[in-house]
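K.L.:
let's see this in three dimensions:
(one chain, ligands or ions: 1)
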Amino acid sequence: MAKIVEQYIEIAKKRNPGEPEFHQTVEEVLTSIEPVLEAHPEYVESGLVERLIEPERGVSFRVVWVDDNGKVQVNRGYRYEFNSAIGPYKGGLRFAPNVYPGIIKFLGFEQIFKNSLTGLPIGGGKGGADFDPNGKSDAEIMRFCQAFMTELYRHIGPSTDVPAGDLGVGAREIGYLFGQYKRIVNRYEGVLTGKGLAYGGLAGRTEATGYGIVFFAREMLKHCGEDLKGKNVAVSGFGNVTWGTVQKLNELGAKVITISGPDGYIYDEDGVSGDKVDYLLELRGSGKNICSPYAEKYPNAKFFAGKKPWEVKADLYIPCATQNEIHIEDAKAMVANGCKFLCEGANMPTTNDALKYLMDNGVVVGPSKAANAGGVACSCIEMGQNAGHTVFSPAQVYEQLETIMVNIHKHAAEASEKYGLGYNLVAGANIAGFEKVAEAMMAQGLV
Ligand code: GLU
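P.N.:
Take a look at the predicted model:
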């Protein structure tokens, strides 16, 4: 069986040359679903995995806009619609200069399993553009979003494909994208999630990803007979996900000892709490240096220029910045510091060799597909709110979010147990996410 999985990985590499991030996730997922393929030879016979690693559809398009100096700018936009076996394609849009098909495909592929794990009817997709929102004026952002949607609109729809935000795409961008979609199609419908509360957005969506991560971490610790209360937590990043995570960690009695930005990281032994969290909110998504100003504002905090927080001793590590922010040397430092728990907030923050090293050394890892699924789960609740022409209260949303995260943890742990893998949430999440999609694909024939 290992041989067939290797063949699938080779197919993905050959068909998508020069896209290491996509190869990385395919390798990670396929290796862990090997026991499921062994138990289901019909999956192999029906070419199910070959179909799964090939997006159902992918578009790349030119985005032309004019900057504030009157200069014509050309960017490239993407939408990869990966899998619609269990629902309409769902996943965010990322605007960042390093966006290229390898990034969008890795995110789109991960989204299939993440969305399946939520237990909600959403397929997997992802999009974005190689556009850098940093340093752009508000008017430039609006013109870019309008130009981007002028092509994207024909590929999406509330029952077809429902994008949301990701890095570089927040409430402001979603607003401009929604306005342009509505202008073109002349329909008021839930085609995007992460909208503002005044026009169909869901209360609690902004903090949902971070809150969900902490609920998931709490379940991991509980399973191992521990409590979040009083734990020292090293967190990276300073954007939306970090903000929600820090807020909920404080609420549940943990102490956040680090945050990080492009300039390095902050070690704050008093804890990042109170007005320091409001400061994070101010900085959210600014893309500017944040750690040196933090250290100036709060002199007890120490600033480590150009470094990552993984060298700090902590009870729990929560990377919330971006993909591949934990390398093998970071994993070694964490293990040397007695690390027991890693809960991934960002998408694929750990390289495969670092992940293996951590797990081989007894670290309990909560994989991002499971741990950060609270964001997209709330997006699906937003779709339901829009389709039902209604409004949910924050309490209704938070309650559902917590139940969803507890269930994701339970299903991942059970799937791992079922295949004799013990408490391996990385494999368990992949297996649990895969099982539902595979069943749906089998039922729907060769499409
Ligand atoms: N970009 C987020 C993620 O990585 C949210 C996607 C969504 O809400 O559709 O899951």
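K.L.:
quick check: phi and psi at residue 256.
P.N.:
Taking degrees, to the nearest 10, you get phi -90, psi 120 for the backbone angles of residue 256.
K.L.:
pretty sure it is touching residue 250, no?
P.N.:
Yes. Counting by C-beta atoms under 8 Å, residue 256 touches residue 250, with 6.7 Å between them. Where you see a C-beta, it was placed from the backbone N, CA and C, and this is true even at glycine.
K.L.:
with neighbour numbers in mind, choose between those two.
P.N.:
Between residue 256 and residue 250, residue 256 has the larger neighbour count (other C-beta atoms under 10 Å), namely 25 against 19.
K.L.:
let me see the contact set for the more buried one.
P.N.:
233, 235, 246, 249-250, 268, 271-273 (C-beta atoms under 8 Å, 6 or more residues apart in numbering).
K.L.:
could you rerun that using 10 Å?
P.N.:
231-235, 242, 245-247, 249-250, 268, 271-273, 276-277, 280, 314, 318 (C-beta atoms under 10 Å, 6 or more residues apart in numbering).
K.L.:
quick check: the gap between the residue in the stretch 1-150 of the chain positioned nearest to the ligand and residue 66.
P.N.:
Residue nearest to the ligand within the stretch 1-150 of the chain: residue 92 (2.8 Å; C-beta to the nearest ligand atom). With the distance defined as C-beta to C-beta, to the nearest Å, residue 92 ends up 26 Å from residue 66.
K.L.:
can you list the strands that the one helix or strand the residue of the stretch 1-150 of the chain closest to the ligand maps to pairs with?
P.N.:
Element membership for residue 92, per DSSP states H and E: strand 89-95. Strand 89-95 pairs in its sheet with strand 123-129 (parallel), strand 161-164 (parallel), by DSSP bridges.
K.L.:
turn those strands into CSV, columns for mean pLDDT, mean neighbour count and distance to residue 440.
P.N.:
Below are the strands paired with strand 89-95 laid out as CSV (pLDDT from 0 to 100; neighbours: other C-beta atoms under 10 Å; distance: least, C-beta to C-beta, whole Å):
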stretch, mean pLDDT, mean neighbour count, distance to residue 440
strand 123-129, 98, 29, 9
strand 161-164, 98, 25, 17
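K.L.:
now those in a markdown table, please, with extra columns for distance to residue 203.
P.N.:
Converted to a markdown table, the strands paired with strand 89-95 look like this (distance: least, C-beta to C-beta, whole Å):
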| stretch | distance to residue 203 |
| --- | --- |
| strand 123-129 | 25 |
| strand 161-164 | 16 |
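K.L.:
those: which one's closest to residue 114?
P.N.:
strand 123-129 (7.5 Å; C-beta to C-beta).
K.L.:
the closest one and the ligand in contact?
P.N.:
No. Contact of strand 123-129 with the ligand (C-beta under 6 Å from any ligand atom) is absent, the minimum separation being 7.7 Å.
K.L.:
pull out the CA atoms of that strand and give them to me as CSV.
P.N.:
Provided in CSV are the C-alpha atoms of strand 123-129 (Å, rounded to 0.1, in the frame of the first residue of the first chain):
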residue,chain,number,x,y,z
GLY,A,123,-16.4,21.6,-0.1
GLY,A,124,-12.9,22.9,-0.4
GLY,A,125,-11.4,25.8,-2.5
LYS,A,126,-9.1,28.7,-2.2
GLY,A,127,-8.1,31.8,-4.1
GLY,A,128,-6.2,35.0,-4.1
ALA,A,129,-3.7,37.3,-5.9
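K.L.:
between strand 89-95 and the helix or strand following it, find me the angle.
P.N.:
The helix or strand immediately downstream of strand 123-129 is helix 138-152, counting by DSSP H and E. Angle, helix 138-152 to strand 89-95, by axes from the mean of the first three to the mean of the last three C-alpha atoms, to 10 degrees: 140 degrees.
K.L.:
list the buried residues of helix 138-152.
P.N.:
140-152 (16 or more other C-beta atoms under 10 Å).
K.L.:
in a markdown table: those, plus distance to the ligand and pLDDT.
P.N.:
Shown next, in a markdown table, are the buried residues of helix 138-152 (distance: C-beta to the nearest ligand atom, whole Å; pLDDT from 0 to 100):
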| residue | distance to the ligand | pLDDT |
| --- | --- | --- |
| 140 | 23 | 98 |
| 141 | 18 | 98 |
| 142 | 21 | 98 |
| 143 | 23 | 98 |
| 144 | 19 | 98 |
| 145 | 16 | 98 |
| 146 | 21 | 98 |
| 147 | 21 | 98 |
| 148 | 16 | 99 |
| 149 | 16 | 98 |
| 150 | 21 | 98 |
| 151 | 19 | 98 |
| 152 | 14 | 98 |
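K.L.:
whichever residue of the stretch 301-447 of the chain sits closest to the ligand: neighbouring residues, count only.
P.N.:
Using C-beta to the nearest ligand atom, residue 379 is the residue of the stretch 301-447 of the chain that sits closest to the ligand, at 3.3 Å. By other C-beta under 10 Å, 30 other residues sit near residue 379.
K.L.:
just confirm it is within a strand.
P.N.:
No. Secondary structure of residue 379 (DSSP: H, G, I helix; E, B strand; the rest coil): helix, not part of a strand.
K.L.:
what do residue 256 and residue 250 both touch?
P.N.:
Contact criterion C-beta under 10 Å, 6+ apart; residues shared by residue 256 and residue 250: 233, 271-273, 276-277.
K.L.:
just the ones of these in helices?
P.N.:
The helices, defined by DSSP state H, take in 276-277 from the shared contacts of residue 256 and residue 250.
K.L.:
now the shared contacts of residue 256 and residue 250 as a markdown table including pLDDT and neighbour count?
P.N.:
Converted to a markdown table, the shared contacts of residue 256 and residue 250 look like this (pLDDT from 0 to 100; neighbours: other C-beta atoms under 10 Å):
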| residue | pLDDT | neighbour count |
| --- | --- | --- |
| 233 | 98 | 25 |
| 271 | 97 | 18 |
| 272 | 96 | 26 |
| 273 | 96 | 16 |
| 276 | 92 | 20 |
| 277 | 89 | 18 |
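K.L.:
before we move on, back to that, what about residue 92 and residue 66, which has more around it?
P.N.:
Remark: of residue 92 and residue 66, residue 92 carries more neighbours, 26 against 13, as counted by other C-beta under 10 Å.
K.L.:
quick one: contacts for that one?
P.N.:
107-108, 111, 125-128, 163-169, 174, 192-194, 347, 375-376, 379.
K.L.:
that concludes my questions; thank you for your assistance.
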